[in-house]
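Student: Predicted model and sequence follow; I will ask about them next.
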Amino acid sequence: MTVTAQQRARVAALLGREPRGLEAVAVAAADGDPVVIRVASLVDDKPFPTLFWLVDTALNYRIDQAEAGGMIRRLQRLVDGDPALQGHMRTDHAAHIALRASYIAPASRRRLVELGFGEVLDHRGIGGIADDKRIRCLHTWYAAHLVVPNTIGVLLEAWWDEHDNTNREISDED
């Protein structure tokens, strides 16, 4: 899929800078506005393990608020205490690694090997995470979730649903 000049300009406006390694708009809103972009795995001769970037300003802000409110810590405690969630996260990372590999062009794969980075991306999951039981950034998890649903994205959406319903119930009582 080719990125149009209009899409590139819109992504640049959303990022506040020219996008580096932009390969595709992976998810767009109904009006065509980019929500998630896909980035090359080799940018400026360096491995770039974060495949999907969330560029939607409202979603970024919502996730910023969740992170500031301790959501990573809350979700990490859930994962730490639940071997089933840990297994789902391992599966999510493995699927993400395979998906990223499917997007790497043969020339880029050869260049990664030439640079000594041939296997680096084979061990980095969502958001470039090496530890498949850790949540480092909800933005990268949610960007990946919007492309291929994942455990952390599902947990985050469930929390939002519960939190938003609680806020509505409080507002309705006023």
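Tutor: Looks like it came in fine. Numbers count the residues shown, from 1 in each chain.
Student: can you give me the strands in this structure?
Tutor: With DSSP state E as the criterion, the chain has strands at 22-28, 34-39, 42-43, 46-47, 52-54.
Student: Could you check how far residue 63 is from residue 25?
Tutor: 19 Å (Cβ to Cβ, to the nearest Å). All C-beta spots, glycine's among them, are computed from the backbone N, C-alpha and C.
Student: give the contact list for residue 142.
Tutor: Residues near residue 142 by Cβ atoms under 8 Å, 6 or more residues apart in numbering: 54, 59, 63, 152-153, 156.
Student: Could you check how far stretch 4-16 is from the centre of its chain?
Tutor: 18 Å (Cα atoms, centre = their mean, to the nearest Å).
Student: ok, now how distant is residue 102 from residue 96?
Tutor: Remark: distance between residue 102 and residue 96 (Cβ to Cβ) = 11 Å.
Student: Scan the contacts of residue 142 and report the most crowded one.
Tutor: Among the contacts of residue 142, the one with the most neighbours (other Cβ atoms under 10 Å) is residue 152, at 27 neighbours.
Student: Ignoring the adjacent residues along the chain, who's closest to it?
Tutor: Leaving out its chain neighbours, the residue that sits closest to residue 152 by Cβ to Cβ, 6 or more residues apart in numbering is residue 141, at 4.1 Å.
Student: One more: residue 93?
Tutor: By the measure of Cβ to Cβ, 6+ apart, the closest residue to residue 93 outside its immediate chain neighbours is residue 125, 2.9 Å from it.
Student: Run through the residues that contact that neighbour.
Tutor: 92-94, 96-97, 132 are the contacts of residue 125 under Cβ under 8 Å, 6+ apart.
Student: Narrow the residues you listed to just the buried residues.
Tutor: Neighbour-count burial (16 or more other Cβ atoms under 10 Å) is assigned, among these, to 92-93, 96-97, 132.
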